[in-house]
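A.B. asks: sequence? don't have it. structure:
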């Protein structure tokens, strides 16, 4: 955890960090041998100010050896340990300081910071709360309390802290940055963008603000404005893996450069951040090809999240006679689905508080045979762990299954529609094809399927249930043309981003300017899953955006008996819907290119009675006659592939660090 330049210095001097320890030079400080406690502290403080932290710690420790309860020695040594990231030692020192010498603002503040650094957030929150009772307008405490609340989704509390801090320090760009991100967490996107733009105006050279503003703009679909901001963040801070992953995520939204450019950027990421890490090269795993295997899954999304709905089948339906499953969770929050996963698997480890190297050591200790990444380059991924190669076989899939770029990632689970064989050469990983790149786990009991709305309404209702970032101007233009071709039809667009009045106004204006009457457009914000599926049930046909289409949204629609019209775009993220529809036996709902969307729609929607019949039987067909609609059958297909990969590794030379690039 870094210390902001404008925070009180952790050395306890009362000055801002930038005016105290940060401003010191690297010049060597002459240390005169002494046994005098005050002299030792003075020498330590001089070293501390010149950022010679280890030397300062030696002097402070010597002072404590002379005077074990000296308040300054305890407090300053605690500050050094905090700055060094030795949080456990810092916590012990500050707790002892407070016990012996009573309440002190800087000691309490740094104890909170050390607890936060050690990811003991609940305790840190309590310390910060105690401090605010004494110092209710302490900006640094308000800011750090908000940062500690955010990982636990206590957004309303975090927002209150940051709004108070902003009133006290209106031009503090760190406060503005954190306020913007909290608003984004709450889907108050337009407010977030405004705050982050203000912060960037005040401090245009701050990489975190560039990164965060880019992420906020991405949520509105303004990919063209977001990408330059992420590139600027990387220019300002070349070693910024989170911003680089965010850039990779955004490049998956655009057709320019295609799969080749998307994978080249991933390889650049891996060469910069992963390649310097020494990967494990020898493994002692038992090479018996038919023994029970230990499968490890790494994800930040073992909770109510779209990614979890795609990999959930493997956690809840695996063959316990042939596999053991251990999850490595990179999140501080959980919910009922988390509990369901925990009770289903053989082992569970929270790794969000561990470094990549620590997590890799933990995984090695668990003797995992096949380690699977479930996040790709999506938010809060832990790809750095895979750079250490803690398992003999490593693969990626489901969560953001478009490759990682890592040389230590052996395989990528996909299907021949999502990533066709012709594109395989662009990928660092060897492609392994499943019946569909995604599985599907319904997180609850879906509502009953209602009759086709068109039978009652007398007109077709189309629907879109994707993130607004996917609904770009090109997609909207084709949907508007579709509405013109079906003059009485309506369109429902439902997405969490539409809790913004500005977003609603912009969409309405786009359709009205194109001659679509306001009464034909319905806009809805996000709702819980059951209500979301009920809204899907109010439409006759769903529309998939392009070039970046949907995944889980397609499954949700099919579950409600609603077919999806999709365009098979030229990039992988634009072919997921086509992949799912193919696996569901609905190839006729896929347009080969955007210009064919209208003809396909006219053909599929011409017979209302046939559409009504399809709706009635689609869920049953999905669950009983397809692999993708049956979590147990999908899991069996994955397990066959895992066993195949394991047998191949067992037959390779024992000295091999990883399997051969291709498997028959």
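C.D. replies: Yep, that arrived. Since this is a predicted model, take the numbers as computed values, not measurements. Numbers count the residues shown, from 1 in each chain.
A.B. asks: Now do the buried residues in the longest helix along the chain.
C.D. replies: Counting residues, the longest helix found in the chain (DSSP state H) is helix 631-651. By 16 or more other CB atoms under 10 Å, the buried positions in helix 631-651 come out as 631, 633-636, 638-639, 641-643, 645-646, 648-650. All C-beta atoms are positioned from the backbone trio N, CA, C, and that covers glycine.
A.B. asks: Same question for stretch 309-319.
C.D. replies: Quick answer for stretch 309-319 (16+ other CB under 10 Å): 309, 310, 311, 312, 313, 314, 315, 316, 317, 318.
A.B. asks: As JSON lines, the residues you listed with pLDDT and distance to residue 520 would be great.
C.D. replies: Output for the buried residues of stretch 309-319, formatted as JSON lines (pLDDT from 0 to 100; distance: CB to CB, whole Å):
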{"residue": "309", "pLDDT": "96", "distance to residue 520": "31"}
{"residue": "310", "pLDDT": "96", "distance to residue 520": "33"}
{"residue": "311", "pLDDT": "96", "distance to residue 520": "38"}
{"residue": "312", "pLDDT": "96", "distance to residue 520": "37"}
{"residue": "313", "pLDDT": "97", "distance to residue 520": "39"}
{"residue": "314", "pLDDT": "97", "distance to residue 520": "42"}
{"residue": "315", "pLDDT": "98", "distance to residue 520": "42"}
{"residue": "316", "pLDDT": "97", "distance to residue 520": "42"}
{"residue": "317", "pLDDT": "97", "distance to residue 520": "43"}
{"residue": "318", "pLDDT": "98", "distance to residue 520": "47"}
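A.B. asks: so which pair among those is furthest apart in space?
C.D. replies: The largest separation in the buried residues of stretch 309-319, counting by CB to CB, is between 309 and 318 at 16.6 Å.
A.B. asks: where exactly do the helices run in the stretch 1-150 of the chain?
C.D. replies: Using DSSP state H, counting those that start in this stretch, the helices found in the stretch 1-150 of the chain span residues 37-49, 53-66, 71-83, 87-101, 105-117, 121-134, 139-149.
A.B. asks: Show me what the first one is packed against.
C.D. replies: Think helix 37-49. Judged by 3 or more CB pairs under 8 Å, 6 or more residues apart in numbering; DSSP states H and E, the packing partners of helix 37-49 are helix 53-66, helix 71-83.
A.B. asks: now what about the first one, what contacts it?
C.D. replies: Pointing back at helix 53-66 there. Contact partners of helix 53-66, identified using CB atoms under 8 Å, 6 or more residues apart in numbering, comprise 29, 31, 35-37, 40-41, 43-45, 47-48, 70, 73-74, 76-77, 80-81, 83-84.
A.B. asks: Then the last one?
C.D. replies: Helix 71-83 is touched from outside by 3, 9-12, 21, 37, 40-41, 44-45, 48, 53, 56-57, 60-61, 63-64, 67, 87, 89-90, 93-94, 96-97, 100-101, 104, 106-107, 110, 113-114, 117, with contacts defined as CB under 8 Å, 6+ apart.
A.B. asks: Show me what counts as buried in that helix.
C.D. replies: 72, 73, 74, 75, 76, 77, 78, 79, 80, 81, 82, 83.
A.B. asks: Residue 161: which of these is nearest?
C.D. replies: Nearest to residue 161 among the buried residues of helix 71-83 is residue 82, at 21.3 Å by CB to CB.
A.B. asks: Give me the distance between the closest residue to residue 260 other than its chain neighbours and residue 571.
C.D. replies: Distance criterion CB to CB, 6 or more residues apart in numbering; nearest residue to residue 260, sequence neighbours excluded, is residue 426 at 5.0 Å. As judged by CB to CB, to the nearest Å, residue 426 and residue 571 stand 11 Å apart.
A.B. asks: What mean pLDDT does the helix or strand that contains residue 156 get?
C.D. replies: Using DSSP states H and E, the element containing residue 156 is helix 155-168. What helix 155-168 shows for mean pLDDT is 96.
A.B. asks: what does stretch 641-657 contact?
C.D. replies: 279-283, 287-289, 293, 295, 322-323, 369-370, 389, 392-393, 395, 410-411, 413, 432, 434, 658-660, 663-664.
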